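# Predicted coordinates and the sequence they were generated for:
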Amino acid sequence: MEIPRLRSIKGLWNVVPLESKLAQGLIDYLAGSTFSLSGESTEIGKGVFLLAPPSFSITRMMVTA
């Protein structure tokens, strides 16, 4: 995939249904690709990841009970 196309990809990835090694490899690849393009990635739940290009900002909020 060409770099301009990669820069615009964003999304939520739920890897819970995948086998552990496959899920880890997929997230490693996607997070590494996102990082190399100056994007952001974060785990927002168990096995659910948010990946965003540099044109988007991920804001982290801390919730206390």
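Perfect, thanks for sending it.
# Nearest residue to the middle of the protein?
Centroid-nearest residue in the chain: Leu51, 2.9 Å away (criterion: Cα atoms, centre = their mean).
# Who does it form a beta bridge with?
Gly11, Ser41 (DSSP bridges).
# Test my guess that Trp13 contacts Leu30.
Yes - assessed by Cβ atoms under 8 Å, Trp13 is found in contact with Leu30 at 6.5 Å. Glycine gets a C-beta too; all of them are placed from N, C-alpha and C.
# How much space separates the residue nearest to the centre of the chain from Leu26?
11 Å (Cβ to Cβ, to the nearest Å).
# Overlap of the contact sets of the two?
Trp13 (Cβ atoms under 8 Å, 6 or more residues apart in numbering).
# In this structure, mark out all the helices, start to finish.
Per DSSP state H, the chain carries helices over the ranges 3-7, 20-36.
# average model confidence for the last one?
When you say that, I think you mean helix 20-36. The predicted model assigns helix 20-36 a mean pLDDT of 90.
# oh, and call the first residue 38 from now on, that's how I've got it
Right, with 38 as the first residue, what we last looked at is helix 57-73.
# elements contacting that helix?
Counting contacts by 3 or more Cβ pairs under 8 Å, 6 or more residues apart in numbering; DSSP states H and E, helix 57-73 packs against strand 48-51, strand 77-82, strand 85-89.
# okay, the angle between that helix and strand 85-89?
Relative orientation of helix 57-73 and strand 85-89, computed by axes from the mean of the first three to the mean of the last three Cα atoms, to 10 degrees: 20 degrees.
# Can you pull out the residues in contact with helix 57-73?
43, 50, 52-53, 55, 77-78, 84, 86, 88-90.
# same thing but 6 Å
Helix 57-73 has contacts (Cβ atoms under 6 Å, 6 or more residues apart in numbering) with 52, 78, 86, 88.
# In TSV, list these along with distance to Thr96.
Converted to TSV, the contacts of helix 57-73 look like this (distance: Cβ to Cβ, whole Å):
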residue	distance to Thr96
Val52	23
Ser78	14
Phe86	16
Leu88	15
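# Save the residues you listed as JSON lines, and put in pLDDT and distance to Phe72 too.
Shown next, in JSON lines, are the contacts of helix 57-73 (pLDDT from 0 to 100; distance: Cβ to Cβ, whole Å):
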{"residue": "Val52", "pLDDT": "90", "distance to Phe72": "17"}
{"residue": "Ser78", "pLDDT": "86", "distance to Phe72": "7"}
{"residue": "Phe86", "pLDDT": "90", "distance to Phe72": "13"}
{"residue": "Leu88", "pLDDT": "86", "distance to Phe72": "10"}
